[in-house]
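Peer 1: give me a 3D structure for the following:
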Amino acid sequence: MSTKLIIYCVIIFFNITIGFAETKKCLYIASYHKGYEWGDGIERGLKNKLDNACELKQFNMDTKRHSLESYKVAAGKKARDLILSWKPDVVIASDDNASKYVVQAYFKDHEIPFVFCGINWSVDAYGYPYSNATGMVEVGPISNLLVKVTDIIGRPANAYYLGVDILTERKNYERFNEETKSLNIKLVKGLAKTTEQWMEFYIQAQKYDFVIIGGYVGLNDWNKDKVIRVIQKNTRKLSVTIQGWMVPYTILGLTKIPEEQGEWAAMVAISILGGTKPADIPIVSNRKWDLWINENILSNTDIKLPRALVSKAKKIGRNGSKAQ
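Peer 2: Sure, this is the predicted structure:
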């Protein structure tokens, strides 16, 4: 082998070695499980923007299907151990439990930088901001949704909030209650523990001027086909939601976009990898919404929607398919 060829090979090997040495590591801690629609959307947005910016590893805490406090604490410790052993250059933590049981519990003002997203309504419970953390708060367009309700049915006197008996839904109810109270709308809640109870509450809710549909995650016996049959048979009043995965069960949706959370977190992570300090990046709220009409449910009612609203909305057709 010639001297020039040997030198060339040494240079190539050196450059490859340097390249590997400079590869950054990103760890994504998801509060919930794969298959949870909101979390899957955050993951899609995250991966779409991170692309080849770093080596990405993911850890799912699975704390939606396993709600015992002992399980959440144990999942937080597993995430902590992974962080300390793998030593990522930046950690992205989505939804409330990742912040509560991992970031707040073990890494407040730590040298490892964190980017959070998907935290519902407020970060006060977790003591943010930290010197090593920034993020995007998840807020719902409640005021805008209530304006659309008024445009459709006039000024309502009362409403029914239908959700599940879990922390996230209780927080969502409180936010809706604050907004409706300011409009002199009396809000009654039904937080179900089983799918059967959820359907019973739905039927009861038809006595009110309109129905706010929360989530169903936390009901391990959820039966989509059975629920939709009950909805189609019993719907008399306008139903609305801010949750994208509840559009199949609701007439009108003004919904948050999970990909926005993931994409923003990815771009901030890339900025941190480039040398920006988390403390120099302000905490923000999401800004994008989708407007949905479920024609499959609407067609079984006498409810008339404004033409301008219908023209702007994405649709779920009578066969259940989504159309832009």
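Peer 1: quick check: the closest residue to Thr168 other than its chain neighbours vs Val188, distance?
Peer 2: Once flanking residues are discounted, Thr168 sits nearest to Asn120: 6.0 Å by Cβ to Cβ, 6 or more residues apart in numbering. Backbone N, C-alpha and C define where each C-beta goes, glycine included. Distance, Asn120 to Val188, by Cβ to Cβ, to the nearest Å: 21 Å.
Peer 1: repeat for Ile316
Peer 2: Ile316 is 27 Å from Val188, by Cβ to Cβ.
Peer 1: who has more neighbours, those two?
Peer 2: Using other Cβ atoms under 10 Å as the criterion, Ile316 and Val188 rank with Ile316 on top: 22 against 15.
Peer 1: which residues does the more buried one bridge with?
Peer 2: Note on Ile316: beta-bridge partners by DSSP bridges are Asn294, Lys322.
Peer 1: thought Tyr249 was touching it, still the case?
Peer 2: No. Counting by Cβ atoms under 8 Å, Ile316 does not reach Tyr249; the two are 10.1 Å apart.
Peer 1: got any residues that touch both of those two?
Peer 2: Common contact partners of Ile316 and Tyr249 (Cβ atoms under 8 Å, 6 or more residues apart in numbering): Asn294.
Peer 1: now stretch 161-170: buried residues?
Peer 2: 161-164, 166, 168-169 (16 or more other Cβ atoms under 10 Å).
Peer 1: got the CA coordinates for that stretch in CSV?
Peer 2: Output in CSV follows, covering the C-alpha atoms of stretch 161-170 (Å, rounded to 0.1, in the frame of the first residue of the first chain):
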residue,chain,number,x,y,z
TYR,A,161,-69.1,18.4,31.1
LEU,A,162,-68.6,14.7,30.4
GLY,A,163,-65.2,13.2,31.1
VAL,A,164,-63.3,10.5,33.1
ASP,A,165,-62.5,10.5,36.7
ILE,A,166,-58.7,11.2,36.4
LEU,A,167,-56.5,14.2,37.2
THR,A,168,-56.3,15.5,33.6
GLU,A,169,-60.1,15.5,33.2
ARG,A,170,-60.6,17.2,36.6
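Peer 1: mind listing the helices for the chain?
Peer 2: 3-22, 37-50, 69-86, 96-98, 104-106, 142-153, 167-182, 195-205, 224-234, 258-273, 295-298, 307-312 (DSSP state H).
Peer 1: tell me which of these sits most buried.
Peer 2: The highest average neighbour count among the helices of the chain, using mean count of other Cβ atoms under 10 Å, belongs to helix 96-98 at a mean of 27.
Peer 1: picking up where we left off before, where's the residue nearest to Thr168 relative to Ser299, distance?
Peer 2: From Asn120 across to Ser299, the span is 33 Å (Cβ to Cβ).
Peer 1: quick one: which of those two has more around it?
Peer 2: Asn120 (18 against 12).
Peer 1: which residues sit in contact with the more buried one?
Peer 2: 96, 137-138, 168, 171-172.
Peer 1: same list (those) but as JSON lines, adding pLDDT and distance to Gly154.
Peer 2: Listed next are these as JSON lines, based on pLDDT from 0 to 100; distance: Cβ to Cβ, whole Å:
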{"residue": "Asp96", "pLDDT": "91", "distance to Gly154": "36"}
{"residue": "Val137", "pLDDT": "92", "distance to Gly154": "33"}
{"residue": "Glu138", "pLDDT": "87", "distance to Gly154": "30"}
{"residue": "Thr168", "pLDDT": "81", "distance to Gly154": "31"}
{"residue": "Lys171", "pLDDT": "86", "distance to Gly154": "29"}
{"residue": "Asn172", "pLDDT": "90", "distance to Gly154": "25"}
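Peer 1: what is the rounded mean pLDDT of stretch 246-265?
Peer 2: Stretch 246-265 shows a mean pLDDT of 94 in the predicted model.
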